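> Please find the sequence and the predicted model below.
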Amino acid sequence: MLIRVEIPVDAAGIDKLLRKSFPSEAESQLVHQLRENGLITLGVVATDDYGGVIGYVAFSPVMINGEELQWVGLAPLAVAEKHRGAGLGKALVYEGLDALNEFGYAAVAVLGDPAYYGPLGFKTAADFKLRCKWPDTESAFQIYPLAEESLNGISGLVEYSELFDQC
């Protein structure tokens, strides 16, 4: 298995993985649209010994109160069913966080299960007076600061690309 930054040849494998991993085609269509619009800041894949995509995580820009502050949102994260439970999702997320930190990004937002993302270091966004526009997501909306000072003086609305509204 190899974990690396996605390359164009991975697109079909990513699409297939997303279609199999989620109950609808929404995530697959989202990633396609983000890619088409140049809005994937970073995509990380896990491939098997034959180059097949068995895991994927995407990061795309988010705004804070309409301002660009070098923050990204993590979505989606997918692991092929037969590889789940072995830590591959965690490895993908950490690889992405390390790369984003090296590139100078400030923080990562995620809307996901706190039981999964909490142990990875994500913190409840509401604790920092941050929110997203989707209702009833306070406990699931989380932040991972990539730099100590990235949350200083920051509060308000974290805005994802309008493409996320179509999911």
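Sure, I can see it.
> When you work out contacts or count neighbours from here on, use the C-alpha atoms and nothing else.
Fine.
> the longest helix in this protein is where?
Ordering each helix of the chain by length in residues (DSSP state H) puts helix 88-102 first.
> Which residue, neighbours along the chain excluded, lies closest to Glu68?
Val62 (7.3 Å; Cα to Cα, 6 or more residues apart in numbering).
> shouldn't the one you found be in contact with Glu162?
No: the criterion here is Cα atoms under 8 Å, and Val62 misses it with Glu162 at 10.2 Å.
> So those two - more neighbours on which side?
Using other Cα atoms under 10 Å, the more surrounded residue of Val62 and Glu162 is Val62, with 24 against 8.
> Can you pull the phi/psi pair for that one?
phi -130, psi 150 (degrees, to the nearest 10).
> residue boundaries of the helices in this structure?
11-21, 26-36, 88-102, 114-117.
> Buried residues, the first one. List them.
What it means is helix 11-21. By 16 or more other Cα atoms under 10 Å, the buried positions in helix 11-21 come out as 13-15, 17-21.
> Nearest residue to the middle of the protein?
In the chain, the residue lying closest to the centroid (Cα atoms, centre = their mean) is Leu74, at 1.5 Å.
> how much space between it and Lys82?
Leu74 sits at a distance of 23 Å from Lys82 (criterion: Cα to Cα, to the nearest Å).
> where in the chain is pLDDT low?
Along the chain, segments meeting pLDDT under 70 span 167.
> rewinding a little: who's in contact with the residue nearest to Glu68?
Counting by Cα atoms under 8 Å, 6 or more residues apart in numbering, Val62 touches 68, 70-73, 158-161.
> Compare the residues you listed and tell me which is most surrounded.
Top of those by neighbour count (other Cα under 10 Å): Val72, with 28 neighbours.
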